[in-house]
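fold the following.
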Amino acid sequence: MPDDATDNAKSMSIIVTKGSLDWAYPPFILGTTAAAMDMKVTMFFTFYGLPLLKKKLNMKFTPLGNPAMEMPMFGGHMAMPNIMSVLPGVGGAAGKMMKNLMAKKGVASIEDLREASIDLDIRMIACQMTLDLFEYSTDDMIDGIELGGAATYMEVAAKSDINLFI
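Now for the predicted structure:
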């Protein structure tokens with residue numbers, strides 16, 4: 001019998017703390033992949049990750065402070081100097097470039113990955129404290145999520161085989 005690293009992994013929890021375009025991908029990709037591999041997945045959305053559960057997504061992208069960001073350009077890879085990030089409109093242009101590149105390469109959108117998460121029965125918990133702190137309403141959020149707090153997450157994490165903080 002082959003030794004498979006996921007044989008013992010039955011569940012995974014992910015704390016989602018960031019909601020920018022580039023930080024939204026890792027939790028959704030890892031979560032949907034684990035769920036497709038028959039793992040029970042819970043995603044806990046808190047602080048700046050909470051807006052990823054809003055019905056209308058308005059994700060920003062910022063290259064500021066991300067020296068590893070290199071975009072394929074002119075047959076090579078070009079990094080953006082941090083000084084450029086402070087210029088008006090550069091973040092929006094970089095975000096548009098990233099979205100176009102992802103579409104061109106066939107990368108699923110965050111909306112598609114979020115829908116797949118729902119279809120795969122991933123448990124998505126919105127942090128009640130963050131909801132109150134940022135004055136969001138449950139009416140702002142997609143259907144199918146639940147509300148909870150740190151104790152709710154800790155109950156899940158204590159029983160999970162894999163715990164990720166993204």
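
can you pull out the helices in the protein?
With DSSP state H, the ranges of helices along the chain come out as 21-36, 82-85, 90-104, 110-119, 128-133, 150-159.

a markdown table please, covering the ones you listed and showing mean neighbour count.
(Each C-beta comes from the backbone N, C-alpha and C, glycine too.) Converted to a markdown table, the helices of the chain look like this (neighbours: other CB atoms under 10 Å):
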| stretch | mean neighbour count |
| --- | --- |
| helix 21-36 | 19 |
| helix 82-85 | 13 |
| helix 90-104 | 15 |
| helix 110-119 | 16 |
| helix 128-133 | 15 |
| helix 150-159 | 15 |
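
out of those, nearest to residue 61?
With CB to CB, the closest approach to residue 61 among the helices of the chain belongs to helix 90-104: 3.3 Å.

elements contacting the closest one?
The contact analysis (3 or more CB pairs under 8 Å, 6 or more residues apart in numbering; DSSP states H and E) places helix 90-104 against helix 21-36, strand 70-73, helix 82-85.

if you set the cut-off to 7 Å instead, what comes out?
Helices and strands touching helix 90-104, by 3 or more CB pairs under 7 Å, 6 or more residues apart in numbering; DSSP states H and E: there are none.

now do that helix: distance to the chain's middle.
The chain centre lies 17 Å from the centre of helix 90-104; the measure is CA atoms, centre = their mean, to the nearest Å.

rewinding a little: rank the helices of the chain by mean pLDDT and give me the bottom one.
Of all the helices of the chain, mean pLDDT reaches its minimum on helix 82-85 (a mean of 64).

quick revisit: figure out which of the helices of the chain is closest to residue 142.
Of the helices of the chain, nearest to residue 142 by CB to CB is helix 110-119, at 7.3 Å.

just want the angle from the closest one to helix 90-104.
Angle of helix 110-119 versus helix 90-104, following axes from the mean of the first three to the mean of the last three CA atoms, to 10 degrees, is 60 degrees.
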